[in-house]
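Enquirer: Kindly generate the corresponding structure for this input.
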Amino acid sequence: MPPPSQSHRFPSRSQSSGKSEVSDLKMQLRQLAGSRAPGADDSKRELFKKVISYMTIGVDVSGLFSDMVMCSATSDIVLKKMCYLYVGNYAKNKPDLALLTINFLQKDCNDDDPMIRGLALRSLCSLRVANLVEYLVGPLMSGLQDGNSYVRMVSAIGVLKLYHISPATCLDQDFPKMLKHLMLNEPDTQVVANCLSALQEIWSLETSKSEEASKEIETLVSKPLIYYLLNRIKGFSEWAQCLVLEFLTKYVPADNNEIFDIMNLLEDRLQHTNGAVVLATVKLFLQLTLSMTDIHQQVYERIKAPLLTLASSGSPEQSYAVLSHLHLLVMRAPMLFSSDYKNFYCQFNDPFHVKKLKLEMLTAVANEANTYEIVTELCEYVANVDIPIARESIRAVGKIALQQYDVNAIVDRLLQFLEMEKDYVTAETLVLVKDLLRKYPQWSHDCIAVVGNISSRSVQEPKAKAALIWMLGEYAKDMQDAPYVLESLVDSWDEEHSSEVRLHLLTAIMKCFLRRPPETQKALGAALAASLADFHQDVHDRALFYYRLLQYNVSVAERVIHPPKQAVSVFADSQGSEIKDQIFDEFNSLSVVYQKPSYMFTDKEHRGPFAFLEELENLSIGVDSSNNAVSNQMVEANDSDLLLNTSEKEESMGPSAISSAYSAPSYDGSSNHSLSGASSLAGLAIDDLLGLGLPLAPDSAPSAPPLKLNASAVMDPGTFQQKWRQLPISVSQECSINPQGVAALTSSQALLRHMQGHSINCIASGGQAPNFKFFFFAQEANVSSNFLVECIINSSSCKAQIKIKADDQSSSQPFVSLFQSALSKFGMP
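Expert: Okay, the predicted model is just below:
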């Protein structure tokens, strides 16, 4: 059946709510404007609801502005509210239309109904149009002196809105002074709270501009005002109480007696049903007693019961917020909470994030008296059907073991986990057993007896496999099958995608070779050969380092790679004490929930993983920028050698040059080495010993020709953006950057010039230290196949995250090697 013609197609929702609907609404509004017929207000309500619904879903109904204003000439407060909502939505973006509302808003500010006066004043201040500031001053002054508390409450916040629109006008008209006078003489507590909030924000923003603001803040945080607020705090709303308690943290009492007076006045706030009020009170108590050690400890004992009660009642969201603060306190004083460990047991209906937090707290409060009960409870969670909680429980058991509490029983429990034959339990336990053996090497015999029965094929998770390989290498002398297990893993080298596992495998093979050379000789040769050909820079460099060590002296290699080790006494904490103190200083804020200081999730340079938009419009375009881009001609003229790609350079250097440059084994199958001197003979001896001089695959097919790039490739940003959206990610991986390259990354231009010298051009760049982001493109020579690259460089960790998309997926891997090679040479002399 053919599709219907354009005239017979069903209209979409956006079409039905388009111009025709707006025109119909406009006509109906005009018919009702000024109408006083019975039922007119009900009809207006229905029309206003339609307008607001269209506005909410994104339909432009600004054309109805004048008609909406005309229809708002009514005493119906519901119509007024909807009209104010409509006006506030379009006023900021269309200030010319906002002028139409001034007259009716000012008129409503003088209405007999205080609710309409307050709503009109709030809407007038919410227009936020600089040209209309003069119309705000009169209504605000009248509002601050209004006989109704609701209007005064709105006026106090209106002063703050005026300050954000025009600070000069707000200060010139002495509005802060009026607010302070109102605050000190106002019977309504909500008005007092709004005045306090507005004054704090105004003077805080003014502090950087004038010394007078600093004096005003000192006057604001004075003893008379503090006691004035304390004596009235029970009459404040919950939000206002939190505001006042936060304000009190800025006050410095004169002596200890004053501290006790304040705490006695506020002690009943710890019994409040609202969690925010309790937390605000706790913060104040902790801050007041920081310099009084004994009293500070008593405060911990006093606040413990209210917090535990809050954590066990209410919604999961409230429980998590309170538990986050309890977690911080537990970390600072675990002994004070050690007797309350049962409060941190997981409930069956707790969400995952709450359970995870409770497990961390159980780990922290564990001591010699309660370790057995806590570990027994955690072992129950390991058998839980909730896999993430089972994993976290195993980690918790391991952390308690590392704290030296009842190690014997805990190690037995962990070894029992290995016999549960659950992949995720085995994986987590292997990682913990590795750490336990590093701290308690005396347990190696018992652990190895169980670990030796685990098949390496059954362990798939990279961290677990790396832990198993580490144990095979570290205890190769005691594990009979270690060389053969490692050899089987080397045989499947190409199937292993984790660079961490490959690094551990290479090191384990070396350790095993140094303990049992005859059984590991063949495996080490294969591992070195595979590692030197590995595309990951760290694996390649480590293999080269090991090869040179063996070439130099085997005894030295043993002292470097497998020296006698001392037991690890303390494992590094993920958070330093300084960070924890900063979080404590920001008690009762998101910092405690996120477990990081506020600057880490508010300042751009401290945000987490580099959150760039895929849209390239937000980045500086390198192709069209005459200041930033470096032409290909300039590169060719100034640095022609850089135009050679990796394969071309190797061809021009020749095999002997490459061999002397890298001192690495040759893989062409030839046994005729052209090295000279003692080091050459040593190299030949090692090659023969490990079998590296022999052909690895005599009948294998010839290798593919090296990838060559077009040095004069061109692509416009629009094409790049379109391709980036359409193509799938071919390769996504992390690589290291040498420190010299990081040091040279003071400006993005240095890297752009370097990569352009390798026929890899930058189309866009952005970011600031320590994170930089680049979009590159390249084109294969003689083939219209493009490569698109997103490269995120972290200068603090010397790492680069690379995502590559390609027209021809089969050529992605050669291009990755070429790109990493070019990036690794950045900054090198």
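Enquirer: Show me the strands in the stretch 51-200 of the chain, by range?
Expert: With strands called from DSSP state E, counting those that start in this stretch, the stretch 51-200 of the chain shows none.
Enquirer: All the helices of it, in order from the start?
Expert: Using DSSP state H, counting those that start in this stretch, the helices of the stretch 51-200 of the chain run over residues 65-71, 77-91, 95-98, 102-108, 114-125, 134-144, 149-165, 167-172, 175-185, 189-206.
Enquirer: Those: lowest mean pLDDT?
Expert: Mean pLDDT is lowest for helix 95-98 among the helices of the stretch 51-200 of the chain, at a mean of 75.
Enquirer: got the buried residues for that helix?
Expert: Neighbour counts over helix 95-98 (16 or more other CB atoms under 10 Å) mark 97-98 as buried. Any C-beta I mention is one placed from the backbone N, CA and C, and that applies to glycine too.
Enquirer: List the neighbours of it that are in contact with it.
Expert: Applying CB atoms under 8 Å, 6 or more residues apart in numbering, the set of residues contacting helix 95-98 from outside is 62, 65, 87, 90-92, 127, 129, 131-132.
Enquirer: can you check stretch 781-794 too?
Expert: 610, 612, 708-710, 713, 715, 720, 723-724, 727, 737, 745, 760, 770-780, 799-808, 811-812, 815, 819, 823.
Enquirer: could you redo the last one with a cut-off of 7 Å?
Expert: 610, 708-710, 715, 720, 723-724, 727, 737, 745, 770-779, 800-808, 811, 815, 819 (CB atoms under 7 Å, 6 or more residues apart in numbering).
Enquirer: ditto for stretch 315-333
Expert: Residues outside stretch 315-333 that contact it (CB under 7 Å, 6+ apart) are 275, 279, 300, 307, 310-311, 337, 351, 353-354, 357-358, 360-361, 364-365, 580, 583-584, 587, 592-593.
Enquirer: Show me which of those residues are buried.
Expert: 275, 279, 300, 307, 310-311, 337, 354, 357-358, 360-361, 364-365, 580, 583-584, 587, 592.
Enquirer: Take the residues you listed and keep only those in helices.
Expert: Per DSSP state H, helices hold the following members of the buried ones among the contacts of stretch 315-333: 275, 279, 300, 307, 310-311, 337, 354, 357-358, 360-361, 364-365, 580, 583-584, 592.
Enquirer: Three-state assignment for the residue of the chain most remote from its centre, please.
Expert: Going by CA atoms, centre = their mean, the residue of the chain most distant from its centre is residue 37, 59.4 Å out. Following DSSP: H, G, I helix; E, B strand; the rest coil, the label given to residue 37 is coil.
Enquirer: rewinding a little: filter the contacts of helix 95-98 to the buried ones?
Expert: Buried, going by 16+ other CB under 10 Å: 65, 87, 90-91, 127, 129, 132, out of those.
Enquirer: hmm, which two among those residues are most spread apart?
Expert: Taking CB to CB as the measure, the buried ones among the contacts of helix 95-98 span a maximum distance of 15.0 Å, between 65 and 132.
Enquirer: Run through who's touching stretch 268-288.
Expert: 238, 241-242, 245-246, 248-249, 253, 259, 262-263, 266, 299, 303, 306-307, 310, 314, 318, 321-322, 325, 587-588.
Enquirer: What residues sit buried inside that stretch?
Expert: Result for stretch 268-288 [16+ other CB under 10 Å]: buried residues 269-270, 272, 274-288.
Enquirer: wait, isn't residue 130 in contact with residue 166?
Expert: Yes. Contact criterion CB atoms under 7 Å: residue 130 and residue 166 qualify, at 6.4 Å.
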